[in-house]
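1. Provided below for reference: sequence and predicted model.
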Amino acid sequence: QVQLVESGGGLVQAGGSLRLSCGASGRIFSSYTMAWFRQTPEKEREFVAAITWSAGTISYGDSVKGRFTISRDKSANTVYLQMNSLKPEDTAVYYCASATRPPHPYYRGREYDYWGRGTQVNVSS
C-alpha cells in the first residue's frame, strides 16, 4: 500500500504561482511512476505531469508545458508540482497518483494504482 497526501493548493491570481506537494508513505519503493492529474466537474480527468521515481524521467501534458515543473525528493518521499504563469483554466482539483509498474500510456489515469484525495487550486482572472 502507498498513501499519498497532497498539499499546497489555494487561491491565486492569474499569472501567479503555486507549489503543490505530494507526500508518500507506505511501500513507496514499489512506486515506478508518480504523476499529477487534475479534474473539474465540467471536464474529464486530465494528465498534468509524471516523473519516474528512480530515473526521474519526466513527461508533461500539452496544456502545462513550459509553465509547470514536476520534481521529486527521494529522501523526503515527496513529489512537487511547481506551477507558474497560472491561468483561470488551471482551476481544478489536483491529484497525486502512483503507479507500481510502468504505466502505458503514462497519461492514462487507470494505469495508476494509488491516489491522494486531492488539493483544490483556484486561479482568479
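-> Yep, that arrived.
2. okay, and for this structure, where does confidence drop off?
-> Along the chain, segments meeting pLDDT under 70 span 29.
3. quick one: the helices in this structure?
-> Secondary structure of the chain (DSSP state H): no helices present.
4. Buried residues in stretch 89-100, which are they?
-> Neighbour counts over stretch 89-100 (16 or more other CB atoms under 10 Å) mark 90-99 as buried. C-betas here are computed from N, CA, C, even on glycine.
5. got it, and stretch 48-68?
-> Quick answer for stretch 48-68 (16+ other CB under 10 Å): 48-53, 59-61, 64, 68.
6. same check, this time on stretch 75-88
-> So for stretch 75-88, counting by 16+ other CB under 10 Å, buried means 77-81, 83, 86.
7. which one among those gets closest to residue 40?
-> When those are compared for distance to residue 40 (CB to CB), residue 86 wins out at 14.5 Å.
8. For the residue nearest the centre of the chain, list each beta-bridge partner.
-> For the chain, the residue lying nearest the average C-alpha position, counting by CA atoms, centre = their mean, turns out to be residue 36 (1.9 Å). Bridge pairing for residue 36 (DSSP bridges) gives the partners residue 49, residue 96.
9. And it, how close does it get to residue 125?
-> 23 Å (CB to CB, to the nearest Å).
10. hang on, the earlier thing: pick the one among the buried residues of stretch 89-100 closest to residue 25.
-> Using CB to CB, the buried residues of stretch 89-100 come closest to residue 25 at residue 98, 11.0 Å.
11. Excluding chain neighbours, what is closest to residue 37?
-> Nearest in space to residue 37, with sequence neighbours left out and distances taken as CB to CB, 6 or more residues apart in numbering, is residue 95 at 4.9 Å.
12. thought the one you found was touching residue 34?
-> No - taking contacts as CB atoms under 8 Å, residue 95 lies outside contact range of residue 34: 11.3 Å.
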